[in-house]
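Student: got a predicted structure plus its sequence, pasted below:
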Amino acid sequence: EAGVVQSPRYKIIEKKQPVAFWCNPISGHNTLYWYLQNLGQGPELLIRYENEEAVDDSQLPKDRFSAERLKGVDSTLKIQPAELGDSAVYLCASSPRSGGFSDTQYFGPGTRLTVL
Amino acid sequence: QKEVEQNSGPLSVPEGAIASLNCTYSDRGSQSFFWYRQYSGKSPELIMFIYSNGDKEDGRFTAQLNKASQYVSLLIRDSQPSDSATYLCAVIIGNQFYFGTGTSLTVIP
């Protein structure tokens, strides 16, 4: 069974440029999560989807970040415009069922973003 | 106070010893607790979860939960160099999922 797929793995951009990350969860997984992880810190949840519905986006900086999961499968996270402080690893995770966090989350390899 | 707190370490133990990793959390009402392992440059992977007070064992790993004292710990018996990684504690608080900052463990051969 394929794991969570993310692309690109690495991205270097200049500040004020837009950037997008893509995630394909494990087949059949209803819940999808986007996290941000800074060096030496634990992941911080940005948004959680159950199927195509964003059920928790309270930690998503909506002035510059947006996300979508139109068909309830793969998802895109966008930053526009990027700032220096956005440099981090962006992790996508998925879990089989809906209804909270009690299900095991499977993480993708992450996208390492560097903003110059 | 942060929602989930861990000593960042680094924690060093000799091969074969018991490694003890600790985590405290802020919300007495929390019900679900998780330990993830993250190798350098890799993504987190779930080791164990625990919901009830007491101990839960899985191979060389034991999770211990004390809700009255609001801490959860992870014991790794017979530590191996391959256990060298950062261990992240995670707690469901309300309807949110919080990770600690992680404890870096090095097992010395």
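Tutor: Structure's in. What do you need?

Student: can I get the CA coordinates of the lowest-mean-pLDDT helix or strand in chain A in PDB?
Tutor: The helix or strand of chain A with the poorest confidence is strand A:53-56; it has a mean of 90 (mean pLDDT, DSSP states H and E). Extracted as PDB, the C-alpha positions of strand A:53-56 are listed here (Å, rounded to 0.1, in the frame of the first residue of the first chain):
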ATOM      1  CA  GLU A  53     -14.900  19.600   4.400                       C
ATOM      2  CA  ALA A  54     -12.500  21.700   6.400                       C
ATOM      3  CA  VAL A  55     -13.600  20.900   9.900                       C
ATOM      4  CA  ASP A  56     -10.800  22.700  11.700                       C
END
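
Student: list the strands paired with it, with their directions.
Tutor: Strand A:53-56 pairs in its sheet with strand A:44-50 (antiparallel), by DSSP bridges.

Student: contacting residues around the partner strand?
Tutor: A:30-38, A:54-57, A:59-60, A:65, A:67, A:69, A:72, A:75, A:77, A:98-99, B:96-97, B:99 (CB atoms under 8 Å, 6 or more residues apart in numbering or on different chains). Yep, even glycine has a C-beta here, placed from its N, CA and C like the rest.

Student: what number of residues lie near A:Glu52?
Tutor: Here the number of neighbours of A:Glu52 (other CB atoms under 10 Å in any protein chain shown) works out to 14.

Student: now it: how far from A:Lys71?
Tutor: As judged by CB to CB, to the nearest Å, A:Glu52 and A:Lys71 stand 7 Å apart.

Student: cool, B:Pro14 as well?
Tutor: Distance from B:Pro14 to A:Lys71, by CB to CB: 52 Å.

Student: tell me the contacts of the closest residue to A:Gly28 other than its chain neighbours?
Tutor: Distances taken as CB to CB, 6 or more residues apart in numbering or on different chains put A:Pro96 closest to A:Gly28, at 6.7 Å, once the chain neighbours are dropped. Taking CB under 8 Å, 6+ apart as the contact definition, A:Pro96 lies against A:Ile26, A:Gly28, A:His29, A:Asn30, A:Thr31, A:Asp103, A:Thr104.

Student: near chain B, which residues of chain A?
Tutor: With CB under 8 Å from any CB of the partner chain as the criterion, chain A comes near chain B at residues A:33, A:40-45, A:56, A:58, A:91, A:100-102, A:104-110.

Student: give me that answer again for 10 Å
Tutor: Residues of chain A that fall close to chain B, judged by CB under 10 Å from any CB of the partner chain: A:3-4, A:6, A:33, A:35, A:37-38, A:40-45, A:48, A:55-56, A:58-59, A:89, A:91-93, A:100-110, A:112.

Student: report the buried members of these.
Tutor: By neighbour count, with 16 or more other CB atoms under 10 Å in any protein chain shown, the residues of chain A next to chain B hold A:4, A:6, A:33, A:35, A:37, A:41-45, A:48, A:56, A:89, A:91-93, A:100-101, A:103, A:105-110, A:112 as buried.

Student: quick check: residues of chain B near chain A?
Tutor: Contact residues (CB under 10 Å from any CB) of chain B with chain A: B:2, B:4, B:6, B:8, B:31-32, B:34, B:36, B:38, B:41-46, B:49, B:51, B:86, B:88-93, B:95-102, B:104.
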